[in-house]
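**Q** Sequence plus the predicted model coming up.
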Amino acid sequence: EAGVAQSPRYKIIEKRQSVAFWCNPISGHATLYWYQQILGQGPKLLIQFQNNGVVDDSQLPKDRFSAERLKGVDSTLKIQPAKLEDSAVYLCASSLTASGYTFGSGTRLTVV
Amino acid sequence: KQEVTQIPAALSVPEGENLVLNCSFTDSAIYNLQWFRQDPGKGLTSLLLIQSSQREQTSGRLNASLDKSSGRSTLYIAASQPGDSATYLCAVDSWGKLQFGAGTQVVVTP
């Protein structure tokens, strides 16, 4: 079974620029998550999709972050404009009910 | 609100010693608990998943226990090796949301 694919692996941008991350979940996994992991901390949920609908985006900074899930499969997370504190690893995960979560390799974002 | 705590935050042991990593959570109403490994700059690799109805899971040198009533899980790694050096994260699935601890950073010295 193919894993969760994410791209790019690394990204360096200047503050106030925009950036987008892409995620392709495991085939058949209806639920997709985006997490933000700041250095030294555990991942924090940003947004959860069930198929192409948003289940929870309560911790997504909506003034600068946006996410969509096209046709209930791939997902894109965008930051515009980026701030220094957005430097983190952005992790995508997918799950099938009660079977646990599978994470991608993440995208490491550095904002300078 | 579910809160997950991992103690210790960091651990250094000589090769061959057994590792004991602790995880505690505040709300016992969970679906399952999952242990992950994270290498520097990388994503999360699932190690063990314990359903709420289970008491423990084993995979090779790894054993994880779950005590829902006391809100605790322990990950045991037998006969540690330098390749076990990584950060270990526990995560609790409550109401379809995965809540993570901050992790235990493990260094196994040759």
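**A** Alright, I've got the coordinates.
**Q** Quick check: end-to-end length of stretch B:44-63?
**A** Here the two ends of stretch B:44-63 are set 18 Å apart, with distance taken as C-alpha to C-alpha, to the nearest Å.
**Q** Figure out how far the lowest-mean-pLDDT helix or strand in chain B is from the centre of its chain.
**A** When each helix and strand of chain B is scored by mean pLDDT, DSSP states H and E, strand B:97-100 comes last, with a mean of 88. Chain-centre distance of strand B:97-100: 13 Å, with C-alpha atoms, centre = their mean, to the nearest Å.
**Q** and what of stretch B:24-34?
**A** That offset, for stretch B:24-34, works out to 12 Å (C-alpha atoms, centre = their mean).
**Q** in it, what counts as buried?
**A** Judged by neighbour count using 16 or more other C-beta atoms under 10 Å in any protein chain shown, the buried positions of stretch B:24-34 are B:24-25, B:30-34. For the C-beta atoms, the positions are set from N, CA and C on the backbone; glycine is no exception.
**Q** Export the residues you listed as JSON lines, with columns for secondary structure, distance to B:Gly71 and pLDDT.
**A** Formatted as JSON lines, the buried residues of stretch B:24-34 follow (DSSP: H, G, I helix; E, B strand; the rest coil; distance: C-beta to C-beta, whole Å; pLDDT from 0 to 100):
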{"residue": "B:Ser24", "secondary structure": "strand", "distance to B:Gly71": "5", "pLDDT": "97"}
{"residue": "B:Phe25", "secondary structure": "strand", "distance to B:Gly71": "5", "pLDDT": "97"}
{"residue": "B:Ile30", "secondary structure": "coil", "distance to B:Gly71": "9", "pLDDT": "90"}
{"residue": "B:Tyr31", "secondary structure": "coil", "distance to B:Gly71": "14", "pLDDT": "87"}
{"residue": "B:Asn32", "secondary structure": "strand", "distance to B:Gly71": "14", "pLDDT": "91"}
{"residue": "B:Leu33", "secondary structure": "strand", "distance to B:Gly71": "10", "pLDDT": "94"}
{"residue": "B:Gln34", "secondary structure": "strand", "distance to B:Gly71": "16", "pLDDT": "94"}
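**Q** who's B:Val92 bridged to?
**A** Beta bridges link B:Val92 to B:Leu33, B:Gln99 when assigned by DSSP bridges.
**Q** tell me the contacts of it?
**A** Residues near B:Val92 by C-beta atoms under 8 Å, 6 or more residues apart in numbering or on different chains: B:2, B:4, B:25, B:30, B:32-33, B:98-99.
**Q** Please repeat the previous calculation with a cut-off of 6 Å.
**A** B:2, B:4, B:25, B:30, B:33, B:99 (C-beta atoms under 6 Å, 6 or more residues apart in numbering or on different chains).
**Q** of those residues, closest to A:Val73?
**A** Nearest to A:Val73 among these is B:Gln99, at 26.1 Å by C-beta to C-beta.
**Q** contacting residues for the closest one?
**A** Residues in contact with B:Gln99 (C-beta under 6 Å, 6+ apart) are B:2, B:4, B:92.
**Q** Among those residues, pick out the one closest to chain A, please.
**A** Nearest to chain A among the contacts of B:Gln99 is B:Val4, at 7.4 Å by C-beta to the nearest C-beta.
**Q** Which residue, neighbours along the chain excluded, lies closest to that closest one?
**A** B:Gly101 (4.1 Å; C-beta to C-beta, 6 or more residues apart in numbering or on different chains).
**Q** Alright, calling it a day.
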